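> Here is my input, please return the structure:
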Amino acid sequence: MKYCLLTIFTFFYITTTIYAQERKFTYIQFEVNASITGNPDYGDAPKYEGDKQPWLMPDGLGSKLGYGIHYNQWVTLGIHSGLDWKWNEKLVAVPVYLNFGLSPKIAESTRITMQVGYGKSFALGRGDLSGTYKKARIGITGDDKTLFIELADFGYPLYDYKTVGSFSFGISVISF
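Coordinates of the predicted model:
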């Protein structure tokens with residue numbers, strides 16, 4: 001009887017292992033973004049009459065990599081990290097966060113992507129400056145590439161700011 005139960009258990013274990021290998025449930029996500037900010041000199045009188053000042057200016061670059069699990073490419077949960085470089089604040093931040101996403105289909109190969117992240121953010125070269133990282137993103141996905149808009153808060157004060165944050169546009173590639 002022991003050998004029969006052991007044989008049945010081994011058979012079911014091997015069968016489920018083979019089935020799990022057929023169906024991949026993990027993902028890898030890579031993203032690159034550029035943050036923007038309002039121009040503090042917008043509206044001042046230009047030195048020359050023909051000068052025009054932009055309303056928005058680039059403020060930094062960022063890149064992140066994540067790994068996690070998904071259910072039918074519709075719900076994702078993963079751990080992500082990367083670098084965010086803020087030019088005006090002269091800051092390089094490293095967020096490490098848990099990322100939760102929903103991607104419902106709106107057409108045959110198009111999805112609306114909504115993601116939120118929560119974790120910890122560390123400033124490089126600033127001693128022990130760290131804070132609670134929060135982000136929200138919305139985008140549109142087609143062929144595993146996502147164009148997105150993201151709002152992030154690094155959760156620590158710097159200079160005259162109560163908290164450092166960013167507003168970004170970017171592209172993400174996800175491999176299921």
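> can we go C-alpha only for contacts and neighbour counts from here?
Fine.
> quick one: Ser175 and Lys24 touch, right?
No: with contacts counted by Cα atoms under 8 Å, Ser175 stays clear of Lys24, the gap being 10.7 Å.
> So the residue positioned nearest the centre of the chain versus Lys105, what's the distance?
Using Cα atoms, centre = their mean, the residue of the chain that lies closest to the mean C-alpha position is Lys64, 6.4 Å off. Using Cα to Cα, to the nearest Å, Lys64 is found at 24 Å from Lys105.
> what does Leu65 give?
24 Å.
> quick one on the thing from earlier: correct me, but the residue nearest to the centre of the chain touches Trp85?
No: taking contacts as Cα under 8 Å, Lys64 lies outside contact range of Trp85: 11.6 Å.
> Give me the buried positions along stretch 76-94.
Residues of stretch 76-94 classed as buried by neighbour count (16 or more other Cα atoms under 10 Å): 76-86, 91-94.
> And those residues, which two are furthest apart?
Thr76 and Leu91 (29.7 Å; Cα to Cα).
> what are the ranges of the strands in the chain?
Taking DSSP state E to define them, one finds strands in the chain at 26-38, 56-71, 75-86, 91-102, 110-123, 130-142, 145-153, 165-175.
> Residues touching the fourth one, excluding its own?
What it means is strand 91-102. 74-86, 113-125, 133, 154 (Cα atoms under 8 Å, 6 or more residues apart in numbering).
> Sounds good, over and out.
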